[in-house]
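J.: Prediction below, plus the sequence it came from.
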Amino acid sequence: MFESARIHTLWELVEYRAAASRGAPMFFDGDGRTVTFDGVRDEALRVAAGFRELGIGCGTRVAWQLPTRIDTVIASIALARLGAVQTPVIPLHREREVGFILGESATEYVLVPGIWRGFDHTAMVRKLAGDGVRVISVGGGLPVGEPAGLPEFTPERERGAARTRWIYYTSGTTAAPKGVEHTDATLIAGGVGLATALGMSAQDIGSIAFPYAHIAGPDYVIAMLVSGFPAVILETFTAAEAADAYARRGVTMAGGSTAFYQAFLDESRRRAGHGKLIPSLRLLSGGGAPLPPELYAAAGRELECAIVHGYGMTECPMIAMGTPYDSDEQLSRTVGRPVVGAEVRIARPDGSEAGVGEAGEVTLKGAMLFRRYTDPALTTDAFDAEGYFHTGDLGYLRPDGHLVLTGRLKDIIIRKGENISAQEIEDLVRTHPAVAEAAVIGLPDRERGERLCAVVTLADPAAAQLSLAALNSHLRAAGLMTQKLPEQLEIADELPRGGPLHKVLKEALRARYRA
């Protein structure tokens, strides 16, 4: 039986599972490759030796912008074996995000896939990286070496549990991304919380079709290592290809976010009359965006499975999670109970603790909570005097212990499970010569969770109207990634404002354009 109290580093967890599940598969990919738990351990040792020969060791800062592949997981495990400080970067990020992250994280090495999906990551990173940064393309394969030459692994608590080993970046409420420092131990605690809630066993088969560079990547892999179940890993997600791959392998749990549920629902309806989309499926799980009760009901009925939804963030990968044992009402109306090890407290505006059923800001403590931000000022602002982290999300705890989220203080838009800063886009929209004022809002969207809507006033109302295509062309030229481009443009005579600071009333804009 897994004993989390005795394991503080990712490498210890890998070694534990390799011994406990020797010969059992850990990963299947879309190309027919299968790797066992002990095979992943052995390959990670060889890659760690290869990295060591390149000069990477304990404390070396390594960023990687790699697709969701078995080799990407192996590379991250190899870096964990060496005690490197990893900065995962979403593969779809471009110059603006990547340039900031490389500079702010003081990266020494960057792993890139070469040309991936028609884009030259090597050229981009070489352009952005400083003279002292080494760019390593692993598109042709990971470097390997002789494991016998590796330094002995010493899993002292202070090495893996108390020191920063991971830096993730999130937009949060500001235009500049925030660096979030995690240790192996904080990520393991999050994975244990997920594994406990899901109740998966070695007889189950999971799936990873979301970016492994997201905080959910190690969270999910750690749950696999804790529970001993394998997963199908896909480089990109389309519902049709994923459903076929999952059906071939007998996947019992799929998901990723609300957008995944909707995509599978739509695909099943397109194949009406051909039986259950994924015959082996018993569970959809995910988070990252609200789950509308009507989608819960429709997807569960159509796909013939349970749906368990959760709540987490980059700073705390697991906060609350539904379980297969919860009722339909609990699963459709809440984000579950706080996971094992998470302490959720609802705070009133004056900082006092709210009562059961009383709404306030969600604050929390727990072993899965991040260590600190890379910016000390952000860390100071994020915690109260009692050590609770303030999430910026609003909600309340029910008498049954389940958490309900009602809104958020943060001005972010959650599109397909990814947090997008409205301010960052607004700042760029305002640089278009035709724009006088701009506000970017999120509007409910069936496929995306939320879609990006730019509401602008024109510098010269008598001039030709600004088009969405022209605006997005301007934003692309400014280096904004495709996933942050507005999907809707509205021209207004003026932006609604109110309050002593004459702030833009975004809720009024959402109400106006929601239809």
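T.: Here it is on my side, so go on. Only a predicted model underlies this, so the values are computations on that prediction, with no experimental measurement involved.

J.: Only C-alpha atoms from now on, for both contacts and neighbour counts.
T.: Fine.

J.: Identify the residues contacting the helix or strand where Ala197 lies?
T.: Per DSSP states H and E: Ala197 is located in helix 184-198. Residues outside helix 184-198 that contact it (C-alpha atoms under 8 Å, 6 or more residues apart in numbering): 4, 8-10, 160-162, 164-166, 218-224, 226-227, 316-318, 321-324, 339-341, 367-371.

J.: looking at this, Arg512 is in a helix?
T.: Yes: membership of Arg512 in a helix is supported by DSSP: H, G, I helix; E, B strand; the rest coil.

J.: and the residue located most distally from the centre of the chain, what helix or strand is that in?
T.: Centroid-distance maximum for the chain: Ala462 at 43.8 Å, with C-alpha atoms, centre = their mean. Secondary structure from DSSP H and E places Ala462 outside every helix and strand.

J.: following the worst-scoring helix or strand of the chain on mean pLDDT, which helix or strand comes up?
T.: In the chain, no helix or strand scores lower on mean pLDDT, DSSP states H and E than helix 157-160, which sits at a mean of 48. Once helix 157-160 ends, the next helix or strand along the chain (criterion: DSSP H and E) is strand 166-170.

J.: distance between that next one and the chain's centre?
T.: 10 Å (C-alpha atoms, centre = their mean, to the nearest Å).

J.: Next, name the residue at the spatial heart of this protein.
T.: Computing the C-alpha centroid of the chain and ranking residues by C-alpha atoms, centre = their mean puts His214 first, at 3.6 Å.

J.: which non-adjacent residue is nearest that one?
T.: Take His214 and drop its neighbours on the chain: the residue closest to it by C-alpha to C-alpha, 6 or more residues apart in numbering is Ile90, 6.6 Å away.

J.: And Arg282, by the same measure?
T.: For Arg282, ignoring the flanking residues on the chain, the nearest one in space by C-alpha to C-alpha, 6+ apart is Cys305 at 4.6 Å.

J.: can you check Ser21 too?
T.: Nearest to Ser21 is Phe37, by C-alpha to C-alpha, 6+ apart, at 6.5 Å.

J.: just Arg333 next, same as before
T.: Distances taken as C-alpha to C-alpha, 6+ apart place Pro293 nearest to Arg333, at 6.6 Å, with adjacent residues excluded.

J.: chain center to stretch 211-228: distance?
T.: 11 Å.

J.: which other residues reach that stretch?
T.: So stretch 211-228 is contacted by 2, 10, 13-14, 17, 21, 26, 65-68, 72-73, 88-91, 168, 187-188, 190-192, 194-195, 200-202, 208, 210, 230-231, 313-314, 317 (C-alpha under 8 Å, 6+ apart).

J.: Contact partners for Val62?
T.: Counting by C-alpha under 8 Å, 6+ apart, Val62 touches 84-87, 107-111.

J.: Try it again at 10 Å.
T.: By C-alpha atoms under 10 Å, 6 or more residues apart in numbering, Val62 lies in contact with 56, 76, 79, 84-88, 102, 105-111, 133-135, 166-167.

J.: Output the below-cut-off pLDDT ranges for the stretch 401-515 of the chain.
T.: Counting by pLDDT under 70, the stretch 401-515 of the chain contains low-confidence ranges at 410, 498-502.

J.: Do you have the helices of it handy? List them.
T.: 422-429, 468-477, 506-513 (DSSP state H, counting those that start in this stretch).

J.: Name the residues of the longest one that come out as buried.
T.: Put plainly, it is helix 468-477. Of the residues in helix 468-477, 468, 471-472, 474-475 count as buried by neighbour count, 16 or more other C-alpha atoms under 10 Å.

J.: now do stretch 196-215
T.: Applying 16+ other C-alpha under 10 Å to stretch 196-215 flags 196-198, 200, 204-215 as buried.

J.: Among those, which are located in helices?
T.: 196-198 (DSSP state H).

J.: of all the helices of the stretch 401-515 of the chain, which lies closest to Asp244?
T.: With C-alpha to C-alpha, the closest approach to Asp244 among the helices of the stretch 401-515 of the chain belongs to helix 468-477: 34.4 Å.

J.: What lies in contact with the closest one?
T.: 425, 428-429, 431-435, 454, 467, 478, 480-482, 484-490.

J.: can you rerun that using 7 Å?
T.: For helix 468-477, contacts defined as C-alpha atoms under 7 Å, 6 or more residues apart in numbering pick out 428, 432, 485, 488-489.

J.: of all those, which comes closest to Arg271?
T.: Gln488 (30.3 Å).

J.: which non-adjacent residue is nearest the closest one?
T.: Gln488 sits nearest to Cys453 (C-alpha to C-alpha, 6+ apart), 4.5 Å away.

J.: In contact with that neighbour, which residues?
T.: 440-443, 486-489.

J.: ok, Ala385 - how many residues close by?
T.: Applying other C-alpha atoms under 10 Å, we find 8 residues neighbouring Ala385.

J.: List the single closest residue to Leu480 in space, sequence neighbours excluded.
T.: Spatial nearest neighbour of Leu480, chain neighbours left out: Arg96 (6.6 Å); criterion: C-alpha to C-alpha, 6+ apart.

J.: measure that neighbour to His121 for me?
T.: Arg96 sits at a distance of 13 Å from His121 (criterion: C-alpha to C-alpha, to the nearest Å).

J.: who's more crowded, these two?
T.: Taking other C-alpha under 10 Å, Arg96 and His121 do not tie; His121 has more neighbours (24 against 14).

J.: Would you mind giving both backbone torsions of the nearest residue to that one once chain neighbours are set aside?
T.: The shortest distance from His121 to any non-neighbouring residue, by C-alpha to C-alpha, 6+ apart, is to Gly114 (5.4 Å). Main-chain dihedrals, Gly114, degrees, to the nearest 10: phi 80, psi -130.

J.: For Gly114, give me its contacts.
T.: Contacts of Gly114 by C-alpha under 7 Å, 6+ apart are 120-122, 137-139.
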